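K.L.:
I would like to see how this sequence folds:
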Amino acid sequence: MELAPEMFKRFFPLPVTVLTTVDNNGTPNAAPYSCVMPILRPLPLIAVASALPRDTLRNIRKNGQFVVNVIGRPSFREAMRTARPYPPGVNELEKVGLDTAPAKHVAPPRIAAAIGWIEAVLERELTDEHYALLVGRILCSEINDRYLTDGKLTEHPLTLLMPHFRTLGDVVINRDALEEDLTLT
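P.N.:
Here you go, the predicted model:
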């Protein structure tokens, strides 16, 4: 079945992440972002696409720092509430009840319950009338110890993230169905 060019997202799963930044007053900002991807292995680069205008984008442009918080259970619902249209200067993390932890190399905080974190600094930006594509240099990437036992993930990475991939708002696969499939194989 051929689709319209913009409809490729119907079958292209996107991760759910929350970017954390800080404004010029040091107030944390958080917003869900799904258009996030690595740039060519083994380069320590990550790309983030942002609609215009956004508080998160403004903060990254001013301070040059951000944290990509990889979201799964148990923080998914609270993390998605950071998408509400809060005014600039409001700490969305506090409003939705998400605990934070200090980042290791940048000022924006980490979401404590995230599966993992990618701390980055802005290296380059490509801007169009509708979007900005940001390239960040990764300073630190880390898996949350909550999801490790003896240095190994407690669950397969896909089950940690499911059903928290999205395709235009649709769930790609039910986590329970995936676990049944993994058990059967």
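
K.L.:
What are the boundaries of the helices in this protein?
P.N.:
Counting by DSSP state H, the chain has helices at residues 55-63, 76-80, 92-96, 157-161, 175-184.

K.L.:
any weak-confidence spans in this protein?
P.N.:
Scanning the chain for pLDDT under 70 picks out the ranges 157-185.

K.L.:
ok, 80 please
P.N.:
With pLDDT under 80 as the threshold, the chain has low-confidence stretches at 1, 3, 7-15, 73-74, 153-185.

K.L.:
The residue nearest to residue 44 when sequence neighbours are not counted bridge partners, please.
P.N.:
Excluding its sequence neighbours, the residue lying closest to residue 44 (Cβ to Cβ, 6 or more residues apart in numbering) is residue 138, at 4.2 Å. Backbone N, C-alpha and C define where each C-beta goes, glycine included. Beta bridges link residue 138 to residue 120 when assigned by DSSP bridges.

K.L.:
what sits against residue 138?
P.N.:
Going by Cβ atoms under 8 Å, 6 or more residues apart in numbering, residue 138 touches 44-46, 118-120.

K.L.:
got it, and residue 45?
P.N.:
So residue 45 contacts 38-39, 123, 135-138 (Cβ under 8 Å, 6+ apart).

K.L.:
Counting neighbours, which of those residues comes out on top?
P.N.:
Among the contacts of residue 45, the one with the most neighbours (other Cβ atoms under 10 Å) is residue 136, at 28 neighbours.
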